[in-house]
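> Show me how the following folds:
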Amino acid sequence: MDKGLLAYLLIPLLSAVIIPFAARTRPKMADILANVTLLAGLANLLWLALRPSMIAGGFADIPGDGLSLLLVAAVYLVGLCVTFFSAYFIEEGLPNRPAYYSLLLVSVAAMTGVVTTTDFFTLYVFIEVLAVTSFALITTDDSSAGIEGALKYFFLTFPASVLIIVGIAILMMTLGSLSYENLRLFMASDAPAGPVTFASALIMLGFIVKSGVVPFHTWTPDAYQGAYAPVSAHLAGIVTKISGVYAIIKLATLLRFFDGRAQALSEMLMFLGMLSIAVGALAALKQTNFKRMLAFSSISQIGYIVLAAGLGTPLAIMGAVFHLINHATFKTVLFLNSASLEKSTGTTDMDKLGGMEHSMPWTSWTSIVALLSTAGVPPLSGFWSKLLIILALWESGLRVYAVLALLFSIVTLAYFMMMQKKVFFGKKTPASERVQEVSAPLLAPVVLMSAIIVALGLLFPYFYAYVKVVAERIIL
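I've put the predicted structure just below:
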């Protein structure tokens, strides 16, 4: 484990333990402690990565492989947005308020553990802790939809955990070690890789299921739609990326896809990535529920990351890492905006909404920024990550995949523009007549994330320099 980042795992855990006692008589203390913990951690992480000397040196002095630091910052950023939003979204009388914040902090700690560990067994332990906290968080409001979503999440991702642990056992028997470095060294040697590749394939298949990649995506729309509104943003923004997609990228680099090793596994991953892009985008076109449409959109966008990870070249890995970060930003905005709509109107059915742009202008315009970034419209951040992925495919001679990835970006723009027209620009409905914009504290996280989307796009050369360092370190 990266010891330099250990504090970012332990401090949220400590706060999670303290919150139930501190908030016993004053429930608002739960909000304060959770937000202060994440804000302090994020400020420290930003100083580590973005201090002037670090930028001037082209990020050469970034600690570790650079990827862990970047992803811990993303975890803290999304976690802070969700906890801050929740503080003003949750009703005063919610009985399990302290437990809710404790679970959020435990999930932040677990995700930090996932991205900072250096062996497969510890990775598995943190993934399971994350799965249990996610299961509990989905049912926060005790609604029937939340319980149904949580049960589907549990029963459809449980087999994935079995695949992972069986793969880890075979890897242990074959290599005698579960460290990432041992797998990297073995794949770099000329030894026959049959059993190791099989074990890695089982582990990767488990993480493909946990990521919601097609055809293992059936749990995703129900879990996202049924979950407590801010929890949907937490799940879609960062949890499924860390509990599944991150491990896929990590395995792709350890198995040396960039050297042509484990070719069949690489090709399978690219095919499933492309399938997810297509199925997610086409399914999103047909949805009438805002959250369900966003869930299928997430499946499609994860497809881009998986496709790039399957290719495994340095440029593709850069695109995958950048798109993972971008996905955390634009999906958090869109899911928090769906929560604001639900709070204001009592529904996320797009057929019952319309003309909300006049009633909720900030929600409308932040949604436009996020949807344009998702669709890859320049100069927003999503454009650059998709461009890197498409260029990597084209350079590797995978012209069909490159063209399809580009075409489905246009489909993404189409279904999001349909959503925007239905919900915000359409004719006013009875729901939009009687609502007004949500309070400033509920808008603050989405405005911050929207500003980050614009900034990452406009300051792309700096971020490119950082991601280039990351790609070089995790591949070499």
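> which sections of the stretch 101-250 of the chain are below the confidence cut-off?
Confidence mapping of the stretch 101-250 of the chain against pLDDT under 70 gives the ranges 141-143, 145-146, 191-193.
> How are the helices of it distributed by residue range?
Under the criterion DSSP state H, counting those that start in this stretch, the stretch 101-250 of the chain contains helices at 120-138, 144-175, 180-188, 194-211, 219-226, 229-234, 240, 246-254.
> could the ones you listed be laid out in TSV, adding distance to Ala278?
Quick note: C-beta positions are derived from backbone N, CA and C, even for glycine. TSV is the format used below for the helices of the stretch 101-250 of the chain (distance: least, CB to CB, whole Å):
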stretch	distance to Ala278
helix 120-138	27
helix 144-175	21
helix 180-188	31
helix 194-211	16
helix 219-226	16
helix 229-234	24
helix 240	19
helix 246-254	18
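> Tabulate those helices (JSON lines), appending mean neighbour count and distance to Gly310.
Supplementary listing: the helices of the stretch 101-250 of the chain in JSON lines, determined by neighbours: other CB atoms under 10 Å; distance: least, CB to CB, whole Å:
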{"stretch": "helix 120-138", "mean neighbour count": "21", "distance to Gly310": "20"}
{"stretch": "helix 144-175", "mean neighbour count": "17", "distance to Gly310": "18"}
{"stretch": "helix 180-188", "mean neighbour count": "17", "distance to Gly310": "16"}
{"stretch": "helix 194-211", "mean neighbour count": "22", "distance to Gly310": "10"}
{"stretch": "helix 219-226", "mean neighbour count": "25", "distance to Gly310": "20"}
{"stretch": "helix 229-234", "mean neighbour count": "28", "distance to Gly310": "27"}
{"stretch": "helix 240", "mean neighbour count": "27", "distance to Gly310": "18"}
{"stretch": "helix 246-254", "mean neighbour count": "25", "distance to Gly310": "7"}
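> So for Ser367, which of these sits nearest?
helix 229-234 (13.1 Å; CB to CB).
> check contacts around Lys428.
354-355, 358 (CB atoms under 8 Å, 6 or more residues apart in numbering).
> try it again with 7 Å
Listed by CB atoms under 7 Å, 6 or more residues apart in numbering, the contact set of Lys428 reads 354-355.
> please renumber so the chain begins at 24
Yes, from this point I'll number from 24; that puts the last item at Lys451.
> rewinding a little: quick one: which of the helices of the stretch 124-273 of the chain is nearest Ala287?
Ala287 sits nearest to helix 217-234 of all the helices of the stretch 124-273 of the chain, at 8.0 Å, using CB to CB.
> and of the helices of the stretch 124-273 of the chain, who's closest to Phe447?
helix 252-257 (18.2 Å).
> need the next SSE after the closest one, C-terminal direction.
Toward the C-terminus, helix 252-257 is succeeded by helix 263 as the next helix or strand (DSSP states H and E).
> List the contacts of Phe345.
Taking CB under 7 Å, 6+ apart, one finds 407-408, 411, 490 in contact with Phe345.
> what do you get if the cut-off is 10 Å, keeping everything else the same?
93, 328, 331, 404-405, 407-412, 479, 483, 486-487, 489-490, 493-494 (CB atoms under 10 Å, 6 or more residues apart in numbering).
> ok so, going back, please identify which of the helices of the stretch 124-273 of the chain is closest to Thr311.
helix 242-249 (11.5 Å).
> May I have the helix or strand where Ala96 lies as CSV, with CA atoms only?
Secondary structure assignment for Ala96, by DSSP H and E: helix 90-112. In CSV, the C-alpha atoms belonging to helix 90-112 read as follows (Å, rounded to 0.1, in the frame of the first residue of the first chain):
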residue,chain,number,x,y,z
LEU,A,90,-2.6,7.4,-10.6
SER,A,91,-3.4,6.7,-6.9
LEU,A,92,-3.1,10.4,-6.0
LEU,A,93,-5.3,11.4,-8.9
LEU,A,94,-8.0,8.9,-8.1
VAL,A,95,-8.0,9.6,-4.3
ALA,A,96,-8.5,13.2,-5.2
ALA,A,97,-11.4,12.2,-7.5
VAL,A,98,-12.9,10.1,-4.7
TYR,A,99,-12.7,12.9,-2.2
LEU,A,100,-14.1,15.5,-4.7
VAL,A,101,-17.2,13.4,-5.5
GLY,A,102,-17.6,12.4,-1.8
LEU,A,103,-17.5,16.0,-0.7
CYS,A,104,-20.0,17.1,-3.4
VAL,A,105,-22.4,14.3,-2.3
THR,A,106,-22.0,14.9,1.5
PHE,A,107,-22.4,18.7,1.0
PHE,A,108,-25.5,18.2,-1.2
SER,A,109,-26.9,15.7,1.2
ALA,A,110,-26.6,18.1,4.2
TYR,A,111,-29.3,20.3,2.5
PHE,A,112,-31.2,17.6,0.8
